[in-house]
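Undergrad: Generate coordinates for the sequence data below:
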Amino acid sequence: MTENERQMSIDRLAEQGRDAQKVKWSVPMVKRLLSCWQIYCFPLAWGIMQLSCGQQVSTWMRLWLKSLTIDGRPRYSVEQINNLPTVISGLEIVWMLLAACVADAIGNRSIVICVCASIQLTTYAVLAAWPANEHAVMAMFFLASAYGGIAPLISAWLNSCCGGNRELRALASSLLFSLGYAMGNVQLKIFPYSQRTKGPSSKKRMGMRLGLLGLEFLSFGRVLPYRPWNAGLSVLRDPTT
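TA: Numbering: from 1, shown residues only. A predicted model of the protein is given here:
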């Protein structure tokens with residue numbers, strides 16, 4: 001970044017009330033923060049999203065592409081094994097941009113999140129049944145990239161729900177990403193890669209994924225829309241001011 005670009009970034013952060021300032025933490029402030037719903041709802045939803053294992057779809061697809069046919073021949077070539085899973089990453093970017101544009105256009109993030117979660121849930125259901133048609137399986141892997149449209153909306157929603165309060169944003173964001181990283185490790189234990197080489201083996205654990213994604217759908221589709229955008233922020237104000 002040039003010096004002008006750096007200064008422009010600093011000015012924009014200041015305009016949004018996000019510039020770096022010293023904060024004096026106190027017991028009353030911590031109590032007020034702990035009474036805000038943002039530090040509970042968003043980290044919980046983010047953790048559930050991580051447990052839905054959407055980030056691992058490309059890995060599962062790669063393992064399936066490496067599997068052998070009934071007669072012992074490779075199912076796909078080395079080039080296809082290396083290239084086809086990268087399509088999922090590209091589609092996630094498309095979903096991210098599409099979800100952001102639609103959410104801004106309709107002014108409702110919960111609907112867009114529910115749609116993306118429903119698409120992902122549908123792909124998991126089809127993969128649990130594991131159709132005999134390989135083209136259908138591949139299409140479901142690609143369609144599962146709808147996961148890419150959920151995470152950016154959640155993080156942006158958290159930022160807007162904090163109402164410009166730096167302390168609340170810092171605490172909620174820290175809890176959100178910390179729980180996300182922790183759940184990322186948990187899902188590796190729940191859904192080990194060693195059981196993903198063949199599609200039918202996923203039936204044993206697919207029910208848990210469906211349940212987790214269903215919880216994500218309900219948490220954003222039914223709970224958050226009924227909370228006021230600034231709910232809980234009033235308790236953050238200093239009662240003496």
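
Undergrad: just the helices in this protein please.
TA: All helices of the chain, identified by DSSP state H, fall at 3-15, 27-34, 38-51, 57-66, 78-83, 86-106, 109-129, 134-143, 151-161, 166-190, 203-218.

Undergrad: and the angle for the second one with helix 166-190?
TA: The one in question is helix 27-34. 50 degrees (axes from the mean of the first three to the mean of the last three Cα atoms, to 10 degrees).

Undergrad: Would you mind getting the angle between helix 27-34 and helix 38-51?
TA: Using the same axes, to 10 degrees, the direction of helix 27-34 lies 50 degrees away from that of helix 38-51.

Undergrad: name the helices or strands packed onto helix 27-34?
TA: helix 166-190 (3 or more Cβ pairs under 8 Å, 6 or more residues apart in numbering; DSSP states H and E). To be clear about C-beta, it is placed using only N, CA and C from the backbone, and glycine gets the same treatment.

Undergrad: With adjacent residues omitted, what lies nearest to I150?
TA: Spatial nearest neighbour of I150, chain neighbours left out: C116 (5.0 Å); criterion: Cβ to Cβ, 6 or more residues apart in numbering.

Undergrad: what's the closest of the helices of the chain to G72?
TA: For the helices of the chain, the distance to G72 is smallest for helix 57-66, at 13.3 Å, taking Cβ to Cβ.

Undergrad: Could you verify my assumption that the residue nearest to I150 touches A151?
TA: No - applying Cβ atoms under 8 Å, one finds C116 not in contact with A151, separated by 9.8 Å.

Undergrad: Point out where this protein drops to low pLDDT.
TA: Within the chain, the segments meeting pLDDT under 70 span 16-23, 191-241.

Undergrad: please redo it, this time with the cut-off set to 80
TA: Low-confidence segments of the chain (pLDDT under 80): 1, 13-25, 52-55, 163-164, 184, 187-241.

Undergrad: tally of neighbours for L175?
TA: Residues lying near L175 (other Cβ atoms under 10 Å) number 18.

Undergrad: repeat for L68
TA: L68, neighbours per other Cβ under 10 Å, totals 11.

Undergrad: quick one: which of C116 and A151 has more around it?
TA: Counted by other Cβ under 10 Å, C116 and A151 do not tie: C116 has more neighbours, with 27 against 20.

Undergrad: show me what contacts A172?
TA: A172 sits next to C36, Q38, I39, F42, P43, L158, C162 when contact means Cβ atoms under 8 Å, 6 or more residues apart in numbering.

Undergrad: picking that back up, highest average neighbour count across the helices of the chain?
TA: Highest mean neighbour count among these (mean count of other Cβ atoms under 10 Å): helix 38-51, with a mean of 22.
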